[in-house]
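# Need coordinates for the below:
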Amino acid sequence: MVSPWTDILGLFLFIAGFIIGLGAVTVIDLHGFLGRKSSYWTEATIRTHKITKPLIWIGIFLAILGGLITYRNIGLSGISLIHAVLAVALILNGAFLSFWVSPHLLRREKEGKARELLPVDLQIRIAMSFVISVIGWWSSLFLLVWYIVVLR
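Purely as a prediction, here's the structure:
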């Protein structure tokens, strides 16, 4: 009999990535939504993103590692290919947020402007990123459940 420990580890890391990453994404997305019209929530979002940003990256890393282990025998085909494409989209989206939006928010905080509402053009870019994030994370989670229940 083959030991299932590799499969257990792969699924554990995959699911842990979703718990950590999607949990952090949900928190910061809700803060960002509330911060569109509220100076209080704008400041809270700027402060909160310092915690959620590394958690999201940890979640992406764990999910990808878990996916590599889980899909090790099927390669890039079907659901594993879709997961890979979604992972790339989430990484690109995360890079935009981490290396463009985040420095902008931190600069505003340093300048004492953390309570000011963000400019509309920045809010629009963040909203588009929010859509990519929600679709990417929730679709990926659904595909994992589909893989476990239907295809496995």
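
# quick one: low-confidence ranges for the chain?
Filtered on pLDDT under 70, the chain yields the residue ranges 1-3.

# Please repeat the previous calculation with a cut-off of 90.
Scanning the chain for pLDDT under 90 picks out 1-3, 32-33, 35-36, 75, 77, 151-152.

# All the helices of it, in order from the start?
Using DSSP state H, the helices of the chain run over 5-35, 39-70, 79-96, 102-110, 120-146.

# and the angle from the first one to helix 39-70?
Looking back up the chat, that one is helix 5-35. Using axes from the mean of the first three to the mean of the last three CA atoms, to 10 degrees, the interaxial angle of helix 5-35 with respect to helix 39-70 works out to 160 degrees.

# which residues sit in contact with Leu106?
Shown in contact with Leu106 (CB atoms under 8 Å, 6 or more residues apart in numbering): Ile46. (Glycine included, C-beta is placed from N, CA and C.)

# List the contacts of the closest residue to Ser140 other than its chain neighbours.
Sequence neighbours aside, Leu86 is the residue nearest to Ser140 in space, at 4.9 Å (criterion: CB to CB, 6 or more residues apart in numbering). For Leu86, the contacting residues are 136, 139-140, 143, by CB under 8 Å, 6+ apart.

# Scan these and report the most crowded one.
Of all the contacts of Leu86, the highest neighbour tally under other CB atoms under 10 Å goes to Ser140, namely 26 neighbours.

# Tell me if I'm right that that residue and Val85 touch.
No - Ser140 lies out of contact with Val85 (CB atoms under 8 Å); the separation is 9.9 Å.

# I'd say Ala114 and Glu43 touch.
Yes - contact status for Ala114 versus Glu43: in contact at 4.4 Å, counting by CB under 8 Å.

# Stretch 71-81: which residues count as buried?
71, 79-80 (16 or more other CB atoms under 10 Å).

# what's the answer for stretch 142-151, then?
Of the residues in stretch 142-151, 143-144, 147 count as buried by neighbour count, 16+ other CB under 10 Å.

# what about His83, how many residues close to it?
22.

# ugh, wrong one, I meant Tyr40
For Tyr40, the neighbour count with other CB under 10 Å is 10.

# Same question for the one 5 residues further on.
Other residues within reach of Thr45, judged by other CB under 10 Å, total 25.
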